[in-house]
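Peer 1: A structural model of the following input is requested.
(one chain, ligands or ions: 3)
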Amino acid sequence: VTTVRLAVIPGDGIGPEVVGEALKVLDAVAADAGLAFERTGFSLGAGRYLETGDVLTDDDLEAIKAHDAILLGAVGGVPGDPRLAGANIERGLLLKLRFELDHYVNLRPSVLHPGVASPLASPGDVDFVVVREGTEGPYVGNGGAIRVGTPAEVANEVSVNTAYGVERVVRYAFAAASARPRKRLTLVHKTNVLVFAGSLWKRTVDAVAAEYPDVAVDYLHVDAATIFLVTDPARFDVIVTDNLFGDILTDLAGAISGGIGLAASGNINPDGRFPSMFEPVHGSAPDIAGKGIADPTAAILSVALLLDHLGHGAAADRVRDAVAADVAERGDANRSTTEIGDAIAARLGATVGAH
Ligand code: NAD
Ligand code: IPM
Ligand code: MN
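Peer 2: Ligands and ions are numbered 1, 2, ... in the order given. Prediction:
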């Protein structure tokens, strides 16, 4: 049995609700996979900030680093809550973790499972993955404002793109495309307007493409990519894109492939120097928090990505198969968060319902 030290950050809103179900499913597959998860819970997020004034202390960060992987629910308070005006939980916690732990690949698969309703009339066979850059772009916090609150205010937010940072994520995307049956890679950017960053991304993709003659490469401007994600999502296989475009495209990708409640993600440090972090694409959903109706499937599928990352692809496939079987039979039934988690865990052999 291999022991895996797992840091668990339930977070805010529906975060703890969906993480509870994800852990249930993890427990259901761990033993058969020869894994024992040694969990440490971390109380972090808007709730912790309101209690203690801390967002993420150095001690928290060091303690998290001592783990093999991280499972996160969602963080962030109710938008507009005046008590949170002095803090930025998203930047100070979530992005800080992604940056400090060098999660340069933000992996966000989209699969439209049979039986799942899509808002698209004829979506076709949707099965693609967005490889979103995770440590650069407009997210780096390279910005500032002057004369704030005056008519002469200037507010800047600079997108940082380095040759090193772009090349490593592009290489990851090509390797991923090469390992998939369709072997297609689409660069999404806005090279017609963002000429400097666009040029760097385009030249990097062209250069790496020469090493992958088996991968068919194309390019789309991000605005056009949103058209095709709606009119012909089946055309996509691997999309590689920058941090901000990837954020926006993956909410859209979630919506067309069954809803944001099914969209999983992995913030990966492929070098293995730091623990990778797995979390649903969605946020803390203050509008439905506490009602027990959040869909835990995205968190459960994030556990599958965690298992992939740990080298346990067979266990990951078992989780995905259980989810596929569950969603195929969902119909219109309005099940609770717990009922969905129990049903998926039960398919994996767990004895559930004893809570
Ligand atoms: P959100 O993803 O929380 O919610 C958007 C909509 O999707 C809401 O109507 C919500 O009810 C619904 N939804 C989300 N997850 C669902 C699920 N599992 N099942 C059913 N419905 C679901 O986005 P938002 O409202 O823009 O943000 C809310 C807070 O979460 C903000 O503070 C934001 O910064 C934060 N956030 C955090 C993360 C993260 O922790 N990774 C991601 C996105 C947003
Ligand atoms: C996501 C979220 C985050 C992002 C926010 C909360 C910082 O929207 O994980 O998609 O923009 O990356
Ligand atoms: Mn997002």
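
Peer 1: so what's whatever residue of the stretch 101-250 of the chain ends up closest to ligand 2 up against?
Peer 2: Nearest to ligand 2, among the residues of the stretch 101-250 of the chain, is Asp247, at 4.3 Å (Cβ to the nearest ligand atom). C-beta coordinates here come from the backbone N, C-alpha and C atoms, glycine included. Remark: with contacts taken as Cβ atoms under 8 Å, 6 or more residues apart in numbering, Asp247 is in contact with Arg132.

Peer 1: Are we agreed that it is in a helix?
Peer 2: Yes. The assignment for Asp247 by DSSP: H, G, I helix; E, B strand; the rest coil puts it in a helix.

Peer 1: ranges for the helices of the stretch 201-350 of the chain?
Peer 2: When assigned using DSSP state H, counting those that start in this stretch, the helices of the stretch 201-350 of the chain occupy the ranges 222-231, 243-256, 297-309, 313-328, 337-347.

Peer 1: what comes up buried for the first one?
Peer 2: It stands for helix 222-231. Of the residues in helix 222-231, those scored as buried under the neighbour-count criterion (16 or more other Cβ atoms under 10 Å) are 222, 225-226, 229.

Peer 1: So which of those is the closest to Arg318?
Peer 2: When the buried residues of helix 222-231 are ranked by distance to Arg318 (Cβ to Cβ), Leu229 comes first, at 29.3 Å.

Peer 1: How about that closest one: what's its closest non-neighbour residue?
Peer 2: Of all residues beyond its chain neighbours, the one nearest Leu229 is Leu252 (5.4 Å), with distances taken as Cβ to Cβ, 6 or more residues apart in numbering.

Peer 1: Measure how buried the residue of the stretch 1-150 of the chain found nearest ligand 1 is and give me the count.
Peer 2: The nearest approach of the stretch 1-150 of the chain to ligand 1 comes at Gly76, 2.4 Å away (Cβ to the nearest ligand atom). Neighbouring residues of Gly76 were enumerated by other Cβ atoms under 10 Å; the total is 22.

Peer 1: wait, doesn't it sit right on Ile89?
Peer 2: Yes. With contact defined as Cβ atoms under 8 Å, Gly76 counts as touching Ile89 (5.5 Å).

Peer 1: Overlap of the contact sets of these two?
Peer 2: When contacts are counted by Cβ under 8 Å, 6+ apart, Gly76 and Ile89 have 12, 45-46 as shared neighbours.

Peer 1: Return only those of the residues you listed found close to ligand 1.
Peer 2: Restricting those to those touching ligand 1 (Cβ under 6 Å from any ligand atom) yields no residues.

Peer 1: Which of those fall in helices?
Peer 2: Among the shared contacts of Gly76 and Ile89, the members found in helices (DSSP state H) are Ala46.

Peer 1: For ChimeraX, what selects the buried ones among the shared contacts of Gly76 and Ile89?
Peer 2: Selection command for ChimeraX covering only the buried members of the shared contacts of Gly76 and Ile89, criterion 16+ other Cβ under 10 Å:
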select :12,45,46
